[in-house]
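Visitor: for reference, the sequence and a predicted model appear below.
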Amino acid sequence: MSEKRWNTSYEPDSQGRINTESDTRKQAFHTAKYVNDIPLSQAPSRQYMVKDKNTNENLRQWEYTNTKGQKIDIREDR
């Protein structure tokens, strides 16, 4: 049985954003929490919907507070 490995080598782009695109939704979510110092077991402070600026599609977004006390938003792009 193969062991799951999370990609933790993501580097920020010129705007400071990190692309967490992965093979699965779970991997992307795990990586987004990892690179933003959010404990994997932590539940979001809130969850809400936002409109995509390009497609006008509703996207889910979660708000977390990381271990440094910063508010972090994670958005589920499709």
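Guide: Looks like it came in fine.
Visitor: from here on, just use CA atoms for contacts and neighbour counts.
Guide: Will do.
Visitor: mind listing the strands for this protein?
Guide: Along the chain, counting by DSSP state E, strands occupy 46-51, 58-65, 71-75.
Visitor: those into CSV, with extra columns for mean pLDDT and mean neighbour count?
Guide: Listed next are the strands of the chain as CSV, based on pLDDT from 0 to 100; neighbours: other CA atoms under 10 Å:
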stretch, mean pLDDT, mean neighbour count
strand 46-51, 96, 12
strand 58-65, 97, 16
strand 71-75, 95, 16
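Visitor: do you know which of the ones you listed lies nearest Glu21?
Guide: With respect to Glu21, and counting by CA to CA, the nearest of the strands of the chain is strand 71-75 at 11.7 Å.
Visitor: what's in contact with that closest one?
Guide: Taking CA atoms under 8 Å, 6 or more residues apart in numbering as the criterion, the residues outside strand 71-75 that touch it are Ala32, Asn36, Leu59, Arg60, Gln61, Trp62, Glu63, Tyr64, Thr65, Asn66.
Visitor: now with 10 Å, please.
Guide: When contacts are taken as CA atoms under 10 Å, 6 or more residues apart in numbering, the neighbours of strand 71-75 outside the stretch itself are 29, 32-33, 36-38, 44-50, 59-66.
Visitor: likewise stretch 40-56?
Guide: Residues external to stretch 40-56 that are found in contact with it (CA under 10 Å, 6+ apart): 29-34, 38, 57-66, 71-77.
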